[in-house]
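K.L.:
next comes the sequence, and after it the predicted model I'd like to discuss.
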Amino acid sequence: MHPQFSDGSPWLHLAGSRGFAAIRSLARLFLPVLLALTACTPEEPKTPPPILLFNGAGTSPNDVKAVEAILRDGKLGYATVNSKELDRLSEVQLSAYKLMIIPGGNYLTIGDRLTTNATSNVRHAVQQGMNYLGICAGGLLAGETGHNSLNLTAGVRFGFYAVVNRGIHKTAVAISGAGSPTLEQYWEDGPQFTGWGATVAKYPDGTPAVVQGTCGKGWVILCGFHPEAPANWRRGMNFTTPVSADHAYARTLIETALAGTHLPQH
């Protein structure tokens, strides 16, 4: 039996005008609902995570992984960006992040493999309020290098911690800070930061190992050693400081740079 109207006439009796009118009425009633249900609603723009970690040409893949481990352990949201991707980011897009981290590697290669537009956009984003943490090569890149650097330091060029002059390229280094115990940290061809910012921590020879300061509205922290270094980097060296203590220091640097707050000066 076919479905029927209330007066007993079948729905499928299409010859009558009453059937056509009923179908048109049903269509007018339900079509807007169907269209609303099937329409594609544009996605809301996603808010980027607070931290942008550079992993492009010239960075050490192992150091990128080491920094990522600290970020994950601290439940700190981050995105990664390589050289080509950074070249495509505008100053406005960069400014959506609160902190940019450039880790260790070869600072000359990092700069040379970026466009001048990319380094200019990073510098302007920092000047407009994005904070910056440079670790080892990332610290050197923040100065004036002559190789397409970020130059967040108004032209100050950094040298290396003096043990490189004795042919030492990686070692445990005692780092002293204000109001905190001396920590032995992993160092590998890292800079010292004489001439810029306020000193937070020092190498044994008294030169700045960690500095902080402003670049426009942005807060900048530069570190010449590797507090994020995993245990396997320590092979063949003697450390009295546990890895956990150095990692805690790495997290402090990241969280302080993210918040734009001051570390005690040494």
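P.N.:
All right, it came through fine. This one's a predicted model, so the numbers in the text were calculated from it and none came from an experiment.

K.L.:
specify the local secondary structure of residue 100.
P.N.:
strand (DSSP: H, G, I helix; E, B strand; the rest coil).

K.L.:
any idea what it is bridged to?
P.N.:
residue 52, residue 132 (DSSP bridges).

K.L.:
measure residue 222 to residue 133 for me?
P.N.:
Here residue 222 is placed at a distance of 8 Å from residue 133 (CB to CB, to the nearest Å). Bear in mind the C-beta positions are built from the backbone N, C-alpha and C, glycine included.

K.L.:
settle it for me: which of those two has more neighbours?
P.N.:
residue 222 (32 against 27; other CB atoms under 10 Å).

K.L.:
okay, now the unreliable bits of the protein?
P.N.:
1-45 (pLDDT under 70).

K.L.:
what residues are up against the most centrally placed residue in it?
P.N.:
Central residue of the chain (CA atoms, centre = their mean): residue 52, 1.9 Å from the mean position. When the contact criterion is CB atoms under 8 Å, 6 or more residues apart in numbering, the partners of residue 52 are 78, 79, 80, 81, 94, 97, 99, 100, 101.

K.L.:
out of the residues you listed, grab the one that's most surrounded.
P.N.:
For those, neighbours tallied by other CB under 10 Å; top is residue 101, 29 neighbours.

K.L.:
residue 53 is in contact with that one, correct?
P.N.:
Yes: if you go by CB atoms under 8 Å, residue 101 and residue 53 touch, sitting 4.9 Å apart.

K.L.:
common neighbours of those two, please.
P.N.:
By CB under 8 Å, 6+ apart, the residues touching both residue 101 and residue 53 are 67, 78.

K.L.:
those helices in the stretch 101-250 of the chain, which residues are they?
P.N.:
107-112, 116-127, 137-142, 243-259 (DSSP state H, counting those that start in this stretch).

K.L.:
these: which one's closest to residue 205?
P.N.:
helix 137-142 (17.1 Å; CB to CB).

K.L.:
how far away is the closest residue in space to residue 118 that isn't next to it in sequence from residue 220?
P.N.:
When the adjacent residues along the chain are set aside, residue 118 lies closest to residue 87, with 4.6 Å between them (CB to CB, 6 or more residues apart in numbering). Distance of residue 87 to residue 220, given as CB to CB: 22 Å.

K.L.:
over to residue 80?
P.N.:
For residue 80, the distance to residue 220 - CB to CB - is 21 Å.

K.L.:
same deal with residue 149?
P.N.:
For residue 149 relative to residue 220 (CB to CB), the value is 13 Å.

K.L.:
same thing with residue 235?
P.N.:
On the measure of CB to CB, residue 235 and residue 220 end up 32 Å apart.
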